[in-house]
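> Next input, structure requested:
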Amino acid sequence: MDTPVSPTVACIGGGQLGRMLGLAALPLGIRMEFVDPVVGAPAGEIGPLHIGELDERGVIRPLLERATVVTYEWEGVPADIVSWIEEQRRPPVYPPAAALRASQDRLYEKTLFRQLDVGTPDFLPVDSFADLEDAVAVLGAPAVLKTRRGGYDGKGQHVLRVPADAPVAWAALGGVPLILEAFVPFDRELSVLAVRGRDGSTECWPVVENHHSEGMLRRSNAPAPGLTPELQAAAVAIATRMLDELLYVGVLAIELFDVGGRLLANEMAPRVHNSGHWTIEGAVTSQFENHVRAILGWPLGSTETRGVSTMLNCIGVMPAPADILAVPGAHLHDYGKTPRHARKLGHVTVVADDADTLHDRVDRVLAVLPADG
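Predicted coordinates for the structure are as follows:
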């Protein structure tokens, strides 16, 4: 009887998401290789790290000869390189380039949501200061001016609190294609993570409540407190429409605004997502394991929770491991990155059987979690 050949996954990007994908792949006998421009990128501790730009064909081409499948861990990966890999026809690459292109242009992304009958904040394209003035006249203020491409963790955005803020916003962001979005008086920020296999089978984790500060995710509570079956079903319907429209394979995250029980789509990320890190300890199958299962065409794992969880990002400085591990149900993840202000260095997931116990444990972790240095 022939010994099965272990699959190899080539990942474009070698940051912490690639690292966690690799950690999920190893127990399944999956080998991973990574491409990243940064020497010493976190994923290099898990598998071979090939140094090169994320669209450098000379670096990526040899990987295609060894890989069973190709994936990526960042929505900033140039869509053209994913399209080029798709054109090679072998090996396959997931998620598809169409998803990457949609996520990289906020105007196209929100237009796609609307085409799928998914609500979004009202928006208008802005290509000149005159466009901005016209858009403000239509949408009013407050409103948020954003770059159509790029920008993350609060970057590439400017809030117009009154119409008179338009010149300042234009001075800050003008010169590139922009989009003006009406400000949404939301009750809370949520996200839904879903995974779709090659055969079209789909699984969703419970909706998560997210808390941001200075544009960065600081905390995710899973499941979202007060999550109702109706709200979960509405989020799953949004994710499923997008997955099916794009013939998606892998994990997809969609960030949502909860406005009085009505969900509005903010943006999507065609990859594993920070608000899903809790799934490593808090779900039967993590987002990382289900992503590699999906892209390899393997059966998807259960997305049921193991009690309740809170994920806390470690930003700027890492805590002392002993302080965190002294808290029951607390799990520390250190990405091995050099400390720097406003940099995500790791995360802590706290799990418990019930909300009261979780609250007490999270308070204990917060008491020893250093502020951003």
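
> List the contacts of the residue sitting nearest the centre point of the chain.
Central residue of the chain (C-alpha atoms, centre = their mean): H273, 2.8 Å from the mean position. By C-beta atoms under 8 Å, 6 or more residues apart in numbering, the residues touching H273 are 191, 193, 251, 253, 287. Where C-beta positions appear, they are placed from N, C-alpha and C, glycine not excepted.

> between those residues, which has the most around it?
Neighbour counts for the contacts of H273 (other C-beta atoms under 10 Å) peak at V251, which has 30 neighbours.

> any idea whether it is helix, strand or coil?
With DSSP: H, G, I helix; E, B strand; the rest coil as the basis, V251 sits in strand.

> Might one say that W278 is in contact with T349?
Yes. Contact status for W278 versus T349: in contact at 5.0 Å, counting by C-beta atoms under 8 Å.

> neighbour count winner among those two?
Neighbours per residue (other C-beta under 10 Å) separate W278 from T349, with W278 holding more: 31 against 22.

> what's the spacing between that one and A169?
Applying C-beta to C-beta, to the nearest Å, the value for W278 to A169 is 35 Å.

> one step back: would you format the contacts of H273 as TSV with pLDDT included?
Listed next are the contacts of H273 as TSV, based on pLDDT from 0 to 100:
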residue	pLDDT
S191	98
L193	98
V251	98
A253	98
Q287	98
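
> from these, which single one is nearest V9?
Within these, the smallest distance to V9 is 13.6 Å, found for V251 (C-beta to C-beta).

> where's H211, which helix or strand?
Secondary structure assignment for H211, by DSSP states H and E: strand 208-213.

> residues in contact with A41?
By C-beta under 8 Å, 6+ apart, the neighbours of A41 are 14-15, 18, 34, 49.

> With distance to E267 added, can I get the contacts of H273 in JSON lines?
Below are the contacts of H273 laid out as JSON lines (distance: C-beta to C-beta, whole Å):
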{"residue": "S191", "distance to E267": "10"}
{"residue": "L193", "distance to E267": "14"}
{"residue": "V251", "distance to E267": "15"}
{"residue": "A253", "distance to E267": "9"}
{"residue": "Q287", "distance to E267": "17"}
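
> Relative to R148, which of those is nearest.
Taking C-beta to C-beta as the measure, R148 sits nearest to A253 out of the contacts of H273, at 19.6 Å.

> Alright, I will stop here.
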